[in-house]
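Asker: Turn this into a model:
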Amino acid sequence: MANKSLKTLVLAILEDKQAEAIKIYDVKGKSPLTDFVIVASANNFRKLEAIMNQLRKDFIHHPKYKVHHIEGKAESGWMVIDLYDVVVHLFDPTNREKMKLDEILERQVKA
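Answerer: Take a look at the predicted model:
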């Protein structure tokens, strides 16, 4: 597991937990904070929390990758986990549309 890239490991967890509408934004050289931003959706609060719990569990004591911080609550419809080189935003579909993070990131990547 330690020889796989962080992005690959995160994507495997998101897919295994059936996250929806997964988008990866390569912001290397465009963000001083991270290399990749991953945005995904979960159609209910339980699934949102389950995905975040799995990410936390898999990386809190990982030998190579570390959790910088976690914010948000499932009930709010938005959670984020900062893994330094990869930041993952999890939304319910309503909040994802309202926040328009995908549009902002798409413009950043094209700039």
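Asker: contacts, neighbours, all on C-alpha from now
Answerer: Noted.
Asker: what's the span of stretch 18-33 from first residue to last?
Answerer: Separation of the first and last residues of stretch 18-33 by CA to CA, to the nearest Å is 27 Å.
Asker: Not counting its own residues, what contacts that stretch?
Answerer: 14, 34-43, 51, 84-85, 105-106, 108-109 (CA atoms under 8 Å, 6 or more residues apart in numbering).
Asker: mind running it again at 7 Å?
Answerer: 34-42, 105, 109 (CA atoms under 7 Å, 6 or more residues apart in numbering).
Asker: wait, what's in contact with the spatially most central residue of the chain?
Answerer: Here the mean C-alpha position of the chain is nearest to the C-alpha of Val88 (CA atoms, centre = their mean), at a distance of 1.5 Å. By CA under 7 Å, 6+ apart, the residues touching Val88 are 37-39, 80-82.
Asker: Rebuild those as JSON lines, extending it with secondary structure, distance to Ile22 and pLDDT.
Answerer: Shown next, in JSON lines, are the contacts of Val88 (DSSP: H, G, I helix; E, B strand; the rest coil; distance: CA to CA, whole Å; pLDDT from 0 to 100):
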{"residue": "Val37", "secondary structure": "strand", "distance to Ile22": "11", "pLDDT": "97"}
{"residue": "Ile38", "secondary structure": "strand", "distance to Ile22": "7", "pLDDT": "98"}
{"residue": "Val39", "secondary structure": "strand", "distance to Ile22": "6", "pLDDT": "98"}
{"residue": "Val80", "secondary structure": "strand", "distance to Ile22": "14", "pLDDT": "98"}
{"residue": "Ile81", "secondary structure": "strand", "distance to Ile22": "15", "pLDDT": "98"}
{"residue": "Asp82", "secondary structure": "strand", "distance to Ile22": "16", "pLDDT": "98"}
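Asker: low-confidence ranges in this structure?
Answerer: Residues of the chain meeting the criterion pLDDT under 70: 1-3.
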